[in-house]
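[1] let's see this in three dimensions:
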Amino acid sequence: MAGGKSGVDWASARRMRGMIKRLTPEARAEMIVEMNLVGDDELARMRRDVSRRSGFLASGLSKKVYPKSLRLRVGFIGKKVNRDRWYRWIIERGRKAKTVEVNRRRGRTAPASYPLRVKAMRARPYVFSGGGAARIARSQRLQDFWGKVLTRVGAGGVL
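    From the prediction side, this is the model:
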């Protein structure tokens with residue numbers, strides 16, 4: 001595995017960044033449009049798959065495209081959104097049944113301590129479940145984009 005434990009081929013990533021920096025403004029604008037379309041599809045998939053009791057989790061999902069670096073972020077973006085929806089990790093990954101020790105003050109100076117049994121919950125992934133057909137569709141969309149760009153380059157245009 002190239003690039004250490006992360007599984008990232010850093011040489012390929014550097015080459016890709018170099019190619020992105022050399023894009024013409026027209027190709028960059030086209031890439032931003034493609035990224036917005038992919039981001040909209042991913043956001044719709046996440047909102048469709050999210051567990052809904054009150055809709056609070058779904059309201060925290062958003063997307064952001066960074067035009068300068070051509071990056072796309074989809075999911076829970078921002079510290080406040082993550083802090084307010086701390087239980088999303090429990091829903092996403094599930095939890096084991098166990099007994100936990102709870103400390104509550106209940107108007108006293110000394111906290112009241114008691115055991116609380118927590119039920120098991122199966123994992124219900126919605127943010128990190130984008131494999132399979134969704135991944136294939138994203139890849140195909142980006143392959144089509146790079147195919148068009150490289151065809152223009154082959155016809156005598158610029159990258």
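[2] tell me the buried residues in stretch 48-67?
    50, 57, 60-61, 63, 65 (16 or more other CB atoms under 10 Å). Using the backbone N, CA and C atoms, a C-beta is placed for each residue, glycine as well.
[3] between those residues, which is nearest residue 73?
    residue 63 (6.8 Å; CB to CB).
[4] which strand or helix spans the closest one?
    strand 61-66 (DSSP states H and E).
[5] what's whichever helix or strand comes after that strand packed up against?
    The helix or strand immediately downstream of strand 61-66 is strand 71-76, counting by DSSP H and E. Applying 3 or more CB pairs under 8 Å, 6 or more residues apart in numbering; DSSP states H and E, one finds that strand 71-76 contacts helix 25-49, strand 61-66.
[6] and those, which one is worst for confidence?
    Lowest mean pLDDT within the helices and strands packed on strand 71-76: helix 25-49, at a mean of 88.
[7] contacts for that one?
    By CB atoms under 8 Å, 6 or more residues apart in numbering, the residues outside helix 25-49 that reach it are 20, 23, 58, 61-63, 65, 67, 70, 72, 74-75, 125-127, 129-130, 134, 137-138, 141-142, 145, 148-149, 152, 159.
[8] I'd like to know which of these are buried.
    23, 61, 63, 65, 70, 72, 74-75, 126-127, 130, 138, 145, 149.
[9] could those go into JSON lines alongside distance to residue 43?
    Shown next, in JSON lines, are the buried ones among the contacts of helix 25-49 (distance: CB to CB, whole Å):
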{"residue": "23", "distance to residue 43": "25"}
{"residue": "61", "distance to residue 43": "6"}
{"residue": "63", "distance to residue 43": "5"}
{"residue": "65", "distance to residue 43": "11"}
{"residue": "70", "distance to residue 43": "18"}
{"residue": "72", "distance to residue 43": "10"}
{"residue": "74", "distance to residue 43": "6"}
{"residue": "75", "distance to residue 43": "9"}
{"residue": "126", "distance to residue 43": "11"}
{"residue": "127", "distance to residue 43": "11"}
{"residue": "130", "distance to residue 43": "11"}
{"residue": "138", "distance to residue 43": "13"}
{"residue": "145", "distance to residue 43": "19"}
{"residue": "149", "distance to residue 43": "25"}
